[in-house]
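K.L.:
only the shape, not the letters, is given here:
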Ligand SMILES: *[C@@H]1O[C@H](CO)[C@@H](O)[C@H](O)[C@H]1NC(C)=O
Ligand SMILES: *[C@@H]1O[C@H](CO)[C@@H](O)[C@H](O)[C@H]1NC(C)=O
């Protein structure tokens, strides 16, 4: 079969080159590269796999075949790809969901939300929210044989962002009676305000997710208008009217010394208020879950956060760990010293790495114990 994971290392430059040639939109190039890895919903001896819809939003469903008495656990999984690319059918995501379903004997729902640049915020958030809210109804849980007390939301990268945002917003939704037991946030993106954190500076040119691509993903989530991208690239996109939000992402308070290294905290530089008015999404906690008051964090489920040392998003995850712990939420933080962003993608050939398997096993083992 044609495998293209090797392209991952060249993704940004390949895509930039194509755009420079005027061939295609940058995101379409990324989409083309990642789409070759898509797999059909093929059942195996352990798991029945089907593509279905929950309240009109597509999702890939993994039902374990093992006969067991009693109700099953469930994991709702949100894939990564910067809100622009990727899919539940991508080979590494499909494999991770199978492993989860098999190891935990759990129902796994992998959400196929709509992507940018065709759709912008809040469509991605709302698609995921729609599936989660639909699934958490008692009548639906009964249909799938799921225990309402043992449900997890999990996601990586942009999917970790969506998982964290959905978990927060559910707390205020009086129509949802079933509570999530745990959330797992795998190298999540959690804030839009400061794109010059120590992790952005230290890992500006690291593979998979250089700063330029992350800025592109963030801005594309809200608009294709390059003025937001340019302002974000120079970290001057937040209007002075929103200065009160900076305390939620103040790395000088929220990062342990080890990650601050010799970086010096500088006060924010404000941008034009026009951008904030045109694209209010980037100041919205449904897009940036770190931008909420402490009181909004109360009631969140037990949380697993995975961070990678060589990742621009490292400090987003670490700051969320600090904020959650400060309000008394139980957090398990796994920090992988030798990993780059997207380490869980390296579980299929030709980039089938022992490290990818080790991290995947750690995460699934945590789910198995805590869910
Ligand atoms: C089915 O599950 C068994 C036991 O966990 C495992 O050894 C086997 O590889 C699984 N099969 C597939 C196709 O994943
Ligand atoms: C961030 O924290 C530092 C150290 O506590 C403080 O001096 C600075 O004023 C804070 N900045 C903001 C914007 O909250």
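P.N.:
Arrived safely, thanks for sending. Here the structure is a predicted model, which is why all the values come from computation and not from measurement. Residues are numbered from 1 along each chain as shown. Ligands and ions are numbered 1, 2, ... in the order given.
K.L.:
next, count neighbours for residue 257.
P.N.:
Using other C-beta atoms under 10 Å, residue 257 has 6 neighbouring residues. C-beta here means a position set from N, CA and C on the backbone, and glycine is covered the same way.
K.L.:
now residue 167
P.N.:
So residue 167, with other C-beta under 10 Å, has 23 neighbours.
K.L.:
what are the bridge partners for the residue lying closest to it once chain neighbours are set aside, then?
P.N.:
Leaving aside its chain neighbours, residue 167 sits nearest to residue 183 (4.8 Å; criterion: C-beta to C-beta, 6 or more residues apart in numbering). Under DSSP bridges, the beta-bridge partners of residue 183 are residue 153, residue 303.
K.L.:
thinking residue 183 is in contact with residue 159, fair?
P.N.:
No. Residue 183 lies out of contact with residue 159 (C-beta atoms under 8 Å); the separation is 11.6 Å.
K.L.:
which residues does the residue nearest to residue 167 contact?
P.N.:
By C-beta atoms under 8 Å, 6 or more residues apart in numbering, the contact set of residue 183 is 152, 153, 154, 163, 164, 167, 300, 301, 302, 303, 304.
K.L.:
between the residues you listed, which is closest to ligand 2?
P.N.:
Ligand 2 has its nearest neighbour among the contacts of residue 183 in residue 164, at 21.5 Å by C-beta to the nearest ligand atom.
K.L.:
do you know how far residue 272 is from residue 106?
P.N.:
48 Å (C-beta to C-beta, to the nearest Å).
K.L.:
more neighbours, the two?
P.N.:
residue 106 (24 against 14).
K.L.:
pLDDT value on the more buried one, please?
P.N.:
With respect to pLDDT, residue 106 scores 98.
K.L.:
quick check: phi and psi at it.
P.N.:
phi -120, psi 150 (degrees, to the nearest 10).
K.L.:
so it makes contact with residue 76?
P.N.:
No. Counting by C-beta under 8 Å, residue 106 sits too far from residue 76 to count as a contact (10.5 Å).
K.L.:
let me know the secondary structure of residue 73.
P.N.:
Following DSSP: H, G, I helix; E, B strand; the rest coil, the label given to residue 73 is strand.
K.L.:
residue ranges with poor pLDDT in the stretch 201-350 of the chain?
P.N.:
350 (pLDDT under 70).
K.L.:
where along it do the helices fall?
P.N.:
Using DSSP state H, counting those that start in this stretch, the helices of the stretch 201-350 of the chain run over 211-222, 226-233, 251-254, 257-260, 273-278, 314-326.
K.L.:
by contact count, what packs against the second one?
P.N.:
Translated: helix 226-233. With contacts defined as 3 or more C-beta pairs under 8 Å, 6 or more residues apart in numbering; DSSP states H and E, the packing partners of helix 226-233 are helix 211-222, helix 273-278.
K.L.:
what's it in contact with?
P.N.:
Under C-beta under 8 Å, 6+ apart, the answer for helix 226-233 is 192, 195, 212, 215-216, 218-220, 222, 237, 271-272, 275, 279, 282.
K.L.:
what parts of the stretch 51-200 of the chain come near ligand 1?
P.N.:
residue 102 (C-beta under 6 Å from any ligand atom).
K.L.:
now do the strands in the stretch 51-200 of the chain.
P.N.:
For the stretch 51-200 of the chain, the strands defined by DSSP state E, counting those that start in this stretch occupy 57-64, 72-78, 107-111, 146-156, 182-186.
K.L.:
packing partners for the first one?
P.N.:
Read that as strand 57-64. Using 3+ C-beta pairs under 8 Å, 6+ apart: strand 57-64 touches strand 47-54, helix 91-104, strand 107-111, helix 123-135.
K.L.:
got the contacts of residue 183 as CSV, with distance to residue 321 columns?
P.N.:
Output for the contacts of residue 183, formatted as CSV (distance: C-beta to C-beta, whole Å):
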residue, distance to residue 321
152, 18
153, 17
154, 16
163, 15
164, 12
167, 15
300, 12
301, 14
302, 13
303, 8
304, 10
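K.L.:
and those residues, which are buried?
P.N.:
For the contacts of residue 183, a burial check counting by 16 or more other C-beta atoms under 10 Å picks out 152, 153, 154, 163, 164, 167, 300, 301, 302, 303, 304.
K.L.:
which of those lies closest to residue 134?
P.N.:
Within the buried ones among the contacts of residue 183, proximity to residue 134 (C-beta to C-beta) peaks at residue 153, which comes in at 13.5 Å.
K.L.:
on that earlier part again, of the helices and strands packed on strand 57-64, which is nearest residue 311?
P.N.:
Of those, nearest to residue 311 by C-beta to C-beta is helix 91-104, at 16.8 Å.
K.L.:
what are the contacting residues of that closest one?
P.N.:
3, 5, 37-39, 44, 46-47, 49, 60, 62-64, 73, 75, 77, 79, 86-88, 106-108, 110, 344-348, 360, 364, 367-368, 371.
K.L.:
tell me, how many residues neighbour residue 198?
P.N.:
19.
K.L.:
what residues are up against it?
P.N.:
By C-beta under 8 Å, 6+ apart, the neighbours of residue 198 are 251, 255, 259, 260, 261, 263, 315.
K.L.:
repeat that for residue 47.
P.N.:
Contacts of residue 47 by C-beta under 8 Å, 6+ apart are 62, 63, 64, 65, 98, 101, 102.
K.L.:
if you set the cut-off to 6 Å instead, what comes out?
P.N.:
62, 64, 98, 101, 102 (C-beta atoms under 6 Å, 6 or more residues apart in numbering).
K.L.:
could you check how far it is from residue 180?
P.N.:
From residue 47 to residue 180 the distance is 22 Å (C-beta to C-beta).
K.L.:
cool, residue 289 as well?
P.N.:
Counting by C-beta to C-beta, the gap from residue 289 to residue 180 is 14 Å.
K.L.:
neighbour count for these two, which is higher?
P.N.:
Regarding residue 289 and residue 180, a neighbour count based on other C-beta under 10 Å identifies residue 289 as having more, with 30 against 22.
K.L.:
that concludes my questions; thank you for your assistance.
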